[in-house]
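Visitor: Give me a model of this one.
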Amino acid sequence: MTVLRYLPVLGLGLLFSVRATAQQMKLGLQPTLLKKEALLELNSDSQGLLLNRVPKSAISAGGPLFSATDGMFVYVTDPGEKCLYIKANGAWKKVADFSGITTDNIPEGATNLYFTQARARAAFSAGNGINISAAGVISNTGVLTFAGRTPDATGNIAPAATDYASFYLPWASKLTLTAGTGMKTTTTATKDLNINPAFTIDADNGSAIWNANKLASVPVSAIAPAANQVLTFNGTQWEPKAPAGGAGNYILNGTSTQAGASFNIAGSGDIGGSLQVGGNATMSGNALLMGRLTLNSLASATPGAANGKVLSLNATGDVIVTQTLPATRKIKLVAGSGVINFGAAGEQDLSADRTWQIGVDSFKNIWNANRIQNNAVATTAPADGDVLKWNAATQMYTPAEDITGGASYGTLGSRDIRNADAPDERYRMKIWQGPSPSGTGAGTVQYGPLGTSAFAWSVLAFRSGDYTTHLYFDKNTLAIREWEGSQKPLAPNTGTPINPWYKVVTTYGDNTFTAGGLLFGYKTSDASTETAQDAGNLFWDNTNKELGLGTSNPQATLDVNGDFKMGQNGTVLNGMIKFQMTLAISNFTINSQKQGMTNITVPAGTPALSTDATVMVSPVADLGTTGNGLAIAWARVNSGSQIRICILNASTSNYTVPNGTKFNVTVIQ
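Guide: Below is the predicted model of the structure:
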């Protein structure tokens, strides 16, 4: 057996890969004569390759080999199987049995199809009358008959009159018709349809039997119709009914017609569109208007003489004509506080003359507003720039300094933070409080930063032109966002990208950070953006650009003080150790076609090695000369301080490894 040990290639940091060189195996005769292109070669005159033998259940669903890799061969031992199976395209497939294939050729175009005689006969046989020769020729060897007659010299059988007798109707298939109701005469009383299916029936279409007595499955009345009547459905049947007099063409729905009418409707009518009447509209009943009553073209109308009558509404909403005007409406003013004089003394009749003048004294307090929405206004004289502010102690509006350029306050009526605006451009900031945590509608903020759990929260709204910036804070969250607009509801910024919420990263109040210690997300209580630090286990040496895991003093670009795992399905390892060891044997000779093994002690200071570690060994310099057939077959940990290596000599002469030969060793454990 020749084995070329794989060579290691270690990448940057923990990234590494191992590339194995080719391995070959030859069993049987002349094992040392290898073919480079063959991975496995069997050479024997008296032995063969025995494949794995399994029951059919092993490769069926639920079996241990059901999900095997494509390319696997097994021999199934079940009775009725006894054959090879191969795993291909994700399924186990039987290897074809070619024992029934012969050299008999049935050409199909450019393709040769091979069939045995027995299989061809089974596929195409029609009794003993057809034969398939060894050359694939199909011929007629029997005698075909039809109705007792054989084919003529050309292979045809002439038809006879009696051949198709059974295709006609039986002799007893006869029809007898008798003249009577609805039928006048027939050509004969009994007609044999086997001999001649021609038949003539003379129907009496004047008989009621040939008349329709239903329309759309609804009975038609037997009442004889009169002139100009039409069929009308009365709820039970169709019956003749006159729509109108013979001379008219109009709609009628009633027992009597109205003189001069084009149509009459006795019941209710519904007109979905507009109704236009060219002449006068006369109504004997009441007209109920659900919409407006509009009088058009009044400018061209000539009003009648004044008669003192007016239109008015009665208590039921009807428009009525009153014979006299309503009672006169009069007003009487008396000069006094706030009123200087008025145009006419005594009572003024507004029905006859509405001209009226009132002179007031605007300097009187009675004409000054002393209440706003029924709340008193103080008589204190305001200073320049003062504004009215509500004083809860005096329950009055009092003059006070303006807060232009300062801050204002408000309480949101809902949890929607988009309503926290700064509408007055004179204010630099407005402080909003969320709904009371114990009141109706309390809860976490809506349209605010996610991941919060606080019911007590506030937001500062800073206005800058047509933009508003929010500063949200609660018990453990601080976040900012820019909105578009200055009036509620605020809208997301229309720019690209849309401005989101940004949370401020925080840490526990008692924490003190160490320079170089890495930050990581943490949760002391319920904060969603809290960070913490563990500098003893996560450390970045910014001067030397080295990262330490499990240490605050890294000695490499990545220094892991502890076990590690590479890849999702990797194995947890304790470390990788690289060192150089020297062969200290004065006479280490390996005979031709043999292998030699020796133990080499690792250098002092090397950590204790594990016997289940993976060892990779390579010589510092070439072993022997080029083409001498020397190779390191394998290496393993012999003890905590020794490496055992095996060197293979595949050449035709012995070889002595020089004392002091050095080897580079990498141990993964």
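
Visitor: Wait, R371 touches T379, no?
Guide: No. Assessed by CB atoms under 8 Å, R371 is found out of contact with T379, at 12.0 Å. Yep, even glycine has a C-beta here, placed from its N, CA and C like the rest.

Visitor: where does the stretch 301-450 of the chain have low pLDDT?
Guide: Across the stretch 301-450 of the chain, the ranges flagged by pLDDT under 70 are 301-308, 323-329, 332-356, 362, 365, 404-405.

Visitor: Where do the strands of it begin and end?
Guide: Ranges of strands within the stretch 301-450 of the chain are 310-313, 319-322, 330-332, 339-342, 347-349, 358-360, 371-372, 375-376, 387-391, 396-400, 407-411, 429-433, based on DSSP state E, counting those that start in this stretch.

Visitor: ok, the residue nearest to N628 when sequence neighbours are not counted - contacts?
Guide: Nearest residue to N628, sequence neighbours excluded (CB to CB, 6 or more residues apart in numbering): S651, at 5.1 Å. S651 is in contact with 592-593, 628-630, counting by CB atoms under 8 Å, 6 or more residues apart in numbering.

Visitor: Among these, name the buried ones.
Guide: 629-630 (16 or more other CB atoms under 10 Å).

Visitor: Among the contacts of S651, which one sits closest to T496?
Guide: L630 (67.8 Å; CB to CB).

Visitor: need the contact list for the nearest residue in space to that closest one that is not next to it in sequence.
Guide: Nearest residue to L630, sequence neighbours excluded (CB to CB, 6+ apart): L623, at 4.3 Å. L623 sits next to 630-632, 647, 657, 661 when contact means CB under 8 Å, 6+ apart.

Visitor: now the strands of the stretch 301-450 of the chain as CSV including distance to S486 and mean neighbour count?
Guide: Formatted as CSV, the strands of the stretch 301-450 of the chain follow (distance: least, CB to CB, whole Å; neighbours: other CB atoms under 10 Å):
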stretch, distance to S486, mean neighbour count
strand 310-313, 50, 10
strand 319-322, 53, 10
strand 330-332, 50, 11
strand 339-342, 47, 14
strand 347-349, 53, 14
strand 358-360, 42, 11
strand 371-372, 26, 11
strand 375-376, 29, 12
strand 387-391, 21, 13
strand 396-400, 25, 17
strand 407-411, 13, 13
strand 429-433, 10, 17
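
Visitor: in the protein, which strand has the most residues?
Guide: Counting residues, the longest strand found in the chain (DSSP state E) is strand 630-639.

Visitor: what are the C-alpha coordinates of the helix or strand that that one is followed by, in CSV please?
Guide: Per DSSP states H and E, the first helix or strand lying C-terminal to strand 630-639 is strand 642-649. These are the backbone C-alpha positions of strand 642-649, laid out as CSV (Å, rounded to 0.1, in the frame of the first residue of the first chain):
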residue,chain,number,x,y,z
GLN,A,642,6.6,12.4,22.1
ILE,A,643,5.5,12.2,18.5
ARG,A,644,5.7,8.8,16.7
ILE,A,645,6.2,9.0,12.9
CYS,A,646,6.2,6.4,10.1
ILE,A,647,8.4,6.8,7.0
LEU,A,648,7.7,4.6,4.0
ASN,A,649,10.5,3.5,1.6
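
Visitor: ok, the residue nearest to the spatial centre of the chain to Y522 distance?
Guide: Among the residues of the chain, the one closest to the centroid is L450, at 23.3 Å (CA atoms, centre = their mean). Computed as CB to CB, to the nearest Å, the L450 to Y522 distance reads 18 Å.

Visitor: what do you get for G80?
Guide: 67 Å.

Visitor: what does A153 give?
Guide: Taking CB to CB as the measure, A153 falls 108 Å from Y522.

Visitor: So between those two, which is more surrounded?
Guide: Between A153 and Y522, counted using other CB atoms under 10 Å, the more crowded position is Y522 (14 against 5).

Visitor: The more buried one: what's it in contact with?
Guide: Here Y522 is in contact with 507-508, 530-532 (criterion: CB under 8 Å, 6+ apart).

Visitor: repeat that for 7 Å
Guide: By CB atoms under 7 Å, 6 or more residues apart in numbering, the residues touching Y522 are 530-532.

Visitor: Also D534?
Guide: Neighbouring residues of D534 by CB under 7 Å, 6+ apart: G517.

Visitor: check which helix or strand covers the nearest residue to Q229 once chain neighbours are set aside.
Guide: Leaving aside its chain neighbours, Q229 sits nearest to P240 (4.2 Å; criterion: CB to CB, 6+ apart). Using DSSP H and E, P240 sits within strand 238-241.

Visitor: domains of the protein?
Guide: As recorded under automatic domain parsing, the domains making up the chain are 53-94, 105-139, 174-210, 376-400, 407-504, 505-562, 570-668.

Visitor: Export those domains to CSV and append columns for distance to V310.
Guide: Shown next, in CSV, are these (distance: least, CB to CB, whole Å):
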stretch, distance to V310
domain 53-94, 100
domain 105-139, 111
domain 174-210, 73
domain 376-400, 46
domain 407-504, 51
domain 505-562, 77
domain 570-668, 103
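
Visitor: need the least confident one among the ones you listed, by mean pLDDT.
Guide: Among those, domain 105-139 carries the lowest mean pLDDT, a mean of 59.

Visitor: How many residues are close by V637?
Guide: V637: 20 neighbours (other CB under 10 Å).

Visitor: Pull up the gap between it and T582, please.
Guide: V637 sits 18 Å away from T582, taking CB to CB as the criterion.

Visitor: and what of L609?
Guide: As defined by CB to CB, L609 lies at a distance of 17 Å from T582.

Visitor: From the chain's centroid, how far away is stretch 55-75?
Guide: Averaging C-alpha positions (CA atoms, centre = their mean, to the nearest Å) puts stretch 55-75 38 Å from its chain's average.

Visitor: For that stretch, measure first residue to last.
Guide: Using CA to CA, to the nearest Å, the end-to-end distance of stretch 55-75 comes out at 8 Å.

Visitor: Return the set of buried residues in that stretch.
Guide: Of all the residues in stretch 55-75, those buried under the rule 16+ other CB under 10 Å are 56, 58-59, 65, 74.

Visitor: cool, and stretch 571-583?
Guide: 573, 576-577, 581, 583.

Visitor: Turn these into a markdown table, columns for distance to A212.
Guide: Shown next, in a markdown table, are the buried residues of stretch 571-583 (distance: CB to CB, whole Å):
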| residue | distance to A212 |
| --- | --- |
| L573 | 99 |
| M576 | 104 |
| I577 | 109 |
| M581 | 117 |
| L583 | 121 |
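
Visitor: Which of those residues fall in strands?
Guide: 576-577, 581.

Visitor: Alpha carbons of stretch 383-395, as CSV, please.
Guide: The C-alpha coordinates for stretch 383-395 follow below in CSV (Å, rounded to 0.1, in the frame of the first residue of the first chain):
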residue,chain,number,x,y,z
ALA,A,383,-47.3,95.7,30.0
ASP,A,384,-45.8,95.8,26.5
GLY,A,385,-45.5,92.4,25.0
ASP,A,386,-47.6,90.7,27.7
VAL,A,387,-50.0,87.9,26.9
LEU,A,388,-53.1,86.6,28.8
LYS,A,389,-52.3,83.5,30.9
TRP,A,390,-54.7,81.5,33.0
ASN,A,391,-54.0,81.9,36.8
ALA,A,392,-55.4,78.9,38.6
ALA,A,393,-55.1,80.6,42.0
THR,A,394,-57.3,83.6,41.0
GLN,A,395,-59.3,81.7,38.5
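
Visitor: Could you pull out the helices in this structure for me?
Guide: Remark: helices assigned in the chain by DSSP state H are 117-124.

Visitor: tell me the contacts of F473?
Guide: F473 makes contact with S458 under the criterion CB under 7 Å, 6+ apart.

Visitor: any idea how far T452 is from it?
Guide: 10 Å.

Visitor: And N211, by the same measure?
Guide: Counting by CB to CB - N211 and T452 are separated by 87 Å.

Visitor: likewise E482?
Guide: 19 Å.

Visitor: Write down the beta-bridge partners of the residue nearest to A224 when sequence neighbours are not counted, one by one.
Guide: Excluding the flanking residues, the one nearest A224 by CB to CB, 6+ apart is P240, at 7.4 Å. P240 has these beta-bridge partners by DSSP bridges: L231.
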